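# Give me a 3D structure for the following:
(one chain, ligands or ions: 2)
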Amino acid sequence: MYLKSIEVHGFKSFANKIVFDFHNGITGIVGPNGSGKSNVADAVRWVLGEQSAKQLRGASMQDIIFAGTENRKPLSYAYVAITLDNSDHKLAVDFAEVTVARRVYRSGESEYLLNGNPCRLKDVNELFYDTGIGKEGYSIIGQGQIEKILNGKPEERRELFDEAAGIVKFKRRKAAAQKK
Ligand code: ATP
Ligand code: MG
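Ligands and ions are numbered 1, 2, ... in the order given. Prediction:
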């Protein structure tokens, strides 16, 4: 499984629809300060369900929608889609390619899509349990996060090991069963 592409439209500084194509190797994103490098990582975290504006370096969730510039009008929505190659079927779905998308309007209306079909955030979360992918997975390591891991409480650190060991889905199911 690997990240094939990221599509952004109206997300933060990306007013135009842009598709970043990746290959099964290492890709670096370079550019001057403020050109939008970190916004690419924010887009991935957001599409995977990030709910905290602060984590996305904004004050409110509306801040992720393109706010306009001197010669360009603001946009009314933000859209991000990531496509993963799943030919090894690491994700427990039949598709060889999985696209997760999220859209939000200024009105606050929002939706998630899995291969084009509307779904719940819960479905997105469940798809990625134990893969290391997710807004809290170790596949996205943000600035300051290494320190957080090193200085974290044992229980917090344990969560990372659980994810790597692939037992998160069982723990979640157990917790859900005990609630009933
Ligand atoms: P650095 O090298 O300093 O880390 P960077 O390439 O990571 O820079 P980002 O932090 O990704 O840059 O991008 C910041 C830019 O995104 C700023 O110019 C900011 O104005 C712009 N930006 C953020 N949110 C929006 C928005 N909602 N609408 C328009 N532009 C935005
Ligand atoms: Mg940056």
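# Please pull out the lowest mean pLDDT helix or strand from the chain.
Lowest mean confidence among the helices and strands of the chain (mean pLDDT, DSSP states H and E): helix 145-151, at a mean of 83.
# Which single residue of this structure ends up nearest ligand 2?
Nearest residue of the chain to ligand 2, counting by Cβ to the ion: residue 38, 3.2 Å away. Just so you know, the C-beta spots here come from the backbone N, C-alpha and C atoms, and that holds for glycine as well.
# how about that residue, phi and psi?
phi -70, psi -30 (degrees, to the nearest 10).
# just checking, it touches residue 57?
Yes: contact between residue 38 and residue 57 holds when scored by Cβ atoms under 8 Å: they sit 7.3 Å apart.
# Can you list the residue ranges for strands in this protein?
2-9, 18-21, 77-85, 97-105, 110-114, 117-119 (DSSP state E).
# and the shortest one, how far out from the chain's middle?
Spelled out, it's strand 117-119. The chain centroid and the centroid of strand 117-119 are separated by 16 Å, computed with Cα atoms, centre = their mean, to the nearest Å.
# Give the other helices and strands that that strand contacts.
Judged by 3 or more Cβ pairs under 8 Å, 6 or more residues apart in numbering; DSSP states H and E, the packing partners of strand 117-119 are strand 110-114.
# picking that back up, quick one: closest of the strands of the chain to residue 30.
Closest approach to residue 30 among these (Cβ to Cβ): strand 18-21, 12.9 Å.
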